[in-house]
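*Asks:* fold the stuff below for me.
(chains A, B, C and D)
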2 protein chains.
Amino acid sequence: MIAQTGTQSTDRAAQLLLRVVEAREPLAVGELATATGLPKSTASRLLGSLERAGLVQRDGARGGVRPGPALLRFAQRGVAGDDIVSLADGALRELAAVSGETVNLAVPAHDGPDTIAEIETGHVLGTGGWVGRRGIPQHASAFGKVFIAFGAARLPRGELVAVAPRTITDRRRFDAELARIRVSGYAVAVDELEDGLAAVAAPVRGALGEVVASLAISGPTLRMPALRLEALGRLCVEQAAALSTKLGSPPVREGAA
Amino acid sequence: MIAQTGTQSTDRAAQLLLRVVEAREPLAVGELATATGLPKSTASRLLGSLERAGLVQRDGARGGVRPGPALLRFAQRGVAGDDIVSLADGALRELAAVSGETVNLAVPAHDGPDTIAEIETGHVLGTGGWVGRRGIPQHASAFGKVFIAFGAARLPRGELVAVAPRTITDRRRFDAELARIRVSGYAVAVDELEDGLAAVAAPVRGALGEVVASLAISGPTLRMPALRLEALGRLCVEQAAALSTKLGSPPVREGAA
DNA sequence: ACACTACGATCCGCTTGATGGAACATGCGT
DNA sequence: ACGCATGTTCCATCAAGCGGATCGTAGTGT
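*Replies:* This is a model prediction of the structure:
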C-alpha cells in the first residue's frame, strides 16, 4: 500500500465525496462537516473544489449536496461486466501460488457454471481446460452448488442425475448440503462431478451484494485430504471476499473514519 | 460560484478522478500525470489517497487505475429518476422569473407528455394546472413535438387529429416541423393544442445524451408575438442545456483543464 | 412586518502539509 | 542477463491549506 502522508486535504475531500455518493439523498454542508469531523469552513472549501470538478452538485434551493454530473454520467454508462476477469487476476494468481492447484473463475449461466478464467497448475496431474466448457451439471460441481446456495442459479427440475460415484442425488441431502455451504461460506465437491476430481468454491458478490461469480480451486482427489480442502476453502472465501470488494460489494461495515 | 483558492491539491485530485471515471479502460499513473500536467510523484501520491478511500483501484498486474469499489457501488445503485424534479428547480425558477409566464417540466409517457413540475405565473390570465394532466396529444403540444423530434416518443399511428385551429394534421408538414425543431433546438406550438394557447419547449438530456424530459414556457397567444416566442425558445434551450448537464449529459466538449 | 435563527461563504494570519526533482524499486521485453 | 519503462519514496523548501471569527442571506415564528 502506498504511503499515507502528504495528502491530508485530498483524504478529507475523498471522505466528503464518499459520504455524498453513499447517501441516498442530498446532504447539507453542515451535516457533512459534522459527519467527517471537519470545520465547516474546510468542508465548504473542499466541496467547492469538488463542485467545480463536477463531482458533486447542489440543489438549487436548500443547497443540498449530491453526486455531480461527472458521476451521474459514469453511473449511467454502467460497468462492463467482463471487467471481472481483469479484476479477478490478482485473486487467481494468489490462489494458484499458495495452492499449487488449478484455479478458476466462473459465472452463472442458464445451463450451468460458465468458466471464464483459469490458471493452471505446475503439476503434471492436473485439472485444466475448463474455460468455455458448458453444460456442467449444477448439482455436481462446486461452482454450481455455490450458485444455487446463494441464489444465483436454480436447481433444474427433475432427477439429480449421478454423473460420478459420489454425486448427491437425494434432494433432502442436497438441501442439507446447501445449508452447510451457506454457513461455511464455501462449497466442496469430491468425486461428485468426476471420479478423482475434487474442488472447493466460494461466492463472489457484485455491487448490490448479489452473487455474480465464483472462485474455485480444483485438483486430483488424492492431493485433497479433508484438512486441505478446508484450508483451501477458507482461502477461496478470503480471495472471493477481496474480489467482491473490488467489484463494489458492500464491505463488512466499518465505522466512521 | 465558490471561491477557487485554497484547494490546489483537491482540485488536482479531482481532475485525476475525472480522467479515471471518464476513461473506458484502465489508465496508467504516468498517463494520468501527463494528461493532467502533474509531476509523477504528485499524481502517485494523490492517486494513493483516492485509492485508500476506495474511489479508484488498480489492476493487479500492470497497475492500471480504474474506478474503485465506492464508485462501482454507486453506479450499480443507479440514479433515482425523480431526482430530475429537484434538479430542475433552479431552471424552472429562472425561466419563470425572466418570462413571467407559466413554466413546466414534462417527461415522455406512452400516452403523451406527462407534466411533473410547474411554476405558475403572476398574471391573472395564465395557463396553469398541467401537472398530472394526461392524454395530451403528442402532435399538438410543444412538449410532444420535442419528444418526437428527438426520439423520446413516437407519433401514434393514424390520423393527426385537429384539436385546435392550427393543429398540424398533414404528415408532410409535420415532418418539416420536426426538422425545424431539430435545427433550432426548440419547439413552438401556437393555437395548436388550444385556441389562444402558445408554448415553446426544449429537450432535456440524460446521462447518455438521450432526451428524458422537456422544459416549456406557455402563455396566452396574445402575450406571445413571434419575436418573443423566439427569445423564450432560446431561453428554454439554455436552461434545458444547463439542466441536462446537471443530469450528467455530456457537455458541449470543453478542452482539458 | 420584523427580528430571530440557522446555515453557508468568506476572510486572513499562522503554520503545517503539499510539492516535485532525484534517487530508488520493480518488472517487463529481448 | 541486461536495460528500459513505469511507479514509489525521500526530503528540503515554502506556498498552500487550515480554521476560528465574521459576514450575508434566506427561511421561520409570532
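*Asks:* C-alpha only now, for contacts and for neighbours.
*Replies:* Noted.
*Asks:* leaving out sequence neighbours, find the closest residue to A:Val244.
*Replies:* Small correction: residue A:244 is Ser, not Val. A:Arg205 (4.8 Å; Cα to Cα, 6 or more residues apart in numbering or on different chains).
*Asks:* ok, A:Leu32 touching A:Arg19?
*Replies:* Yes: between A:Leu32 and A:Arg19 there is a contact under Cα atoms under 8 Å: 7.4 Å.
*Asks:* what's opposite the residue nearest to A:Ser244 in the beta bridge?
*Replies:* Here A:Arg205 sits in beta bridges with A:Val211, going by DSSP bridges.
*Asks:* returning to what we had before: A:Leu32 and A:Arg19: which is more packed in?
*Replies:* More crowded of A:Leu32 and A:Arg19, by other Cα atoms under 10 Å in any protein chain shown: A:Leu32, with 22 against 19.
*Asks:* got a pLDDT number for A:Lys40?
*Replies:* Among the per-residue scores, A:Lys40 shows a pLDDT of 88.
*Asks:* quick one: it and chain B, what's the gap?
*Replies:* Separation of A:Lys40 from chain B (Cα to the nearest Cα, to the nearest Å): 14 Å.
*Asks:* repeat for A:Ala242
*Replies:* Distance from A:Ala242 to chain B, by Cα to the nearest Cα: 11 Å.
*Asks:* does the residue in the stretch 151-257 of chain A that chain B sits nearest to count as helix, strand or coil?
*Replies:* Evaluated by Cα to the nearest Cα, the stretch 151-257 of chain A has A:Gly248 as its residue closest to chain B, separated by 3.8 Å. Under DSSP: H, G, I helix; E, B strand; the rest coil, A:Gly248 falls in the coil class.
*Asks:* identify the residues contacting it.
*Replies:* A:Gly206, A:Ala207, A:Leu208, B:Gly68, B:Pro69, B:Ala70, B:Leu71, B:Leu72, B:Arg73 (Cα atoms under 8 Å, 6 or more residues apart in numbering or on different chains).
*Asks:* now do the same contact list for the last one.
*Replies:* What that stands for is B:Arg73. B:Arg73 neighbours (Cα under 8 Å, 6+ apart): A:Ala207, A:Leu208, A:Leu247, A:Gly248, A:Ser249, A:Pro250.
*Asks:* which residue packs closest to the fourth one, ignoring adjacent ones?
*Replies:* Across the structure, with Cα to Cα, 6+ apart as the measure, the residue nearest A:Gly248 apart from its sequence neighbours is B:Pro69 (3.8 Å).
*Asks:* report pLDDT for that neighbour.
*Replies:* In this prediction, B:Pro69 carries a pLDDT score of 86.
*Asks:* would you list the phi and psi of it?
*Replies:* Backbone torsions of B:Pro69, given as degrees, to the nearest 10, read phi -50, psi -40.
*Asks:* my read: it touches B:Arg52, true?
*Replies:* No: the pair B:Pro69 and B:Arg52 fails to qualify as a contact (Cα under 8 Å) at a distance of 10.7 Å.
*Asks:* looking at those two, which one has more neighbours?
*Replies:* Comparing B:Pro69 with B:Arg52 by other Cα under 10 Å, the one with more neighbours is B:Pro69, at 26 against 18.
*Asks:* residues of chain A that sit close to DNA strand C?
*Replies:* A:5-10, A:28-31, A:40-42, A:44-45, A:48, A:63-64 (Cα under 7 Å from any atom of the strand).
*Asks:* take these and keep only those in helices.
*Replies:* Those of the residues of chain A next to DNA strand C mapping onto helices are A:Gln8, A:Ser9, A:Thr10, A:Val29, A:Gly30, A:Glu31, A:Lys40, A:Ser41, A:Thr42, A:Ser44, A:Arg45, A:Gly48, per DSSP state H.
*Asks:* where in the stretch 51-200 of chain A is pLDDT low?
*Replies:* Residue ranges of the stretch 51-200 of chain A with pLDDT under 70: A:60-63, A:78-82, A:122-126.
*Asks:* show me where the stretch 151-257 of chain A has strands.
*Replies:* Applying DSSP state E, counting those that start in this stretch to the stretch 151-257 of chain A gives strands spanning A:187-190, A:197-205, A:211-220.
*Asks:* list the contacts of the nearest residue to A:Ser214 once chain neighbours are set aside.
*Replies:* Excluding the flanking residues, the one nearest A:Ser214 by Cα to Cα, 6+ apart is A:Pro203, at 4.5 Å. Contacts here follow Cα under 8 Å, 6+ apart; on that basis A:Pro203 touches A:146-147, A:150, A:185-186, A:211-215, A:237, A:240-241.
*Asks:* please pick the buried ones from the residues of chain A next to DNA strand C.
*Replies:* A:Thr7, A:Ser9, A:Thr10, A:Ala28, A:Val29, A:Gly30, A:Thr42, A:Ser44, A:Arg45, A:Gly48, A:Gly64 (16 or more other Cα atoms under 10 Å in any protein chain shown).
*Asks:* where does the third one land on pLDDT?
*Replies:* To tie it back to what came earlier, the one meant is A:Thr10. pLDDT, A:Thr10: 91.
*Asks:* distance check, the nearest residue to it once chain neighbours are set aside against B:Glu22.
*Replies:* In space, and not counting its chain neighbours, A:Thr10 is closest to B:Thr10: 5.2 Å by Cα to Cα, 6+ apart. As judged by Cα to Cα, to the nearest Å, B:Thr10 and B:Glu22 stand 18 Å apart.
*Asks:* circling back: gap between the residue nearest to A:Thr10 and A:Tyr186?
*Replies:* B:Thr10 is 42 Å from A:Tyr186, by Cα to Cα.
*Asks:* much appreciated, bye for now.
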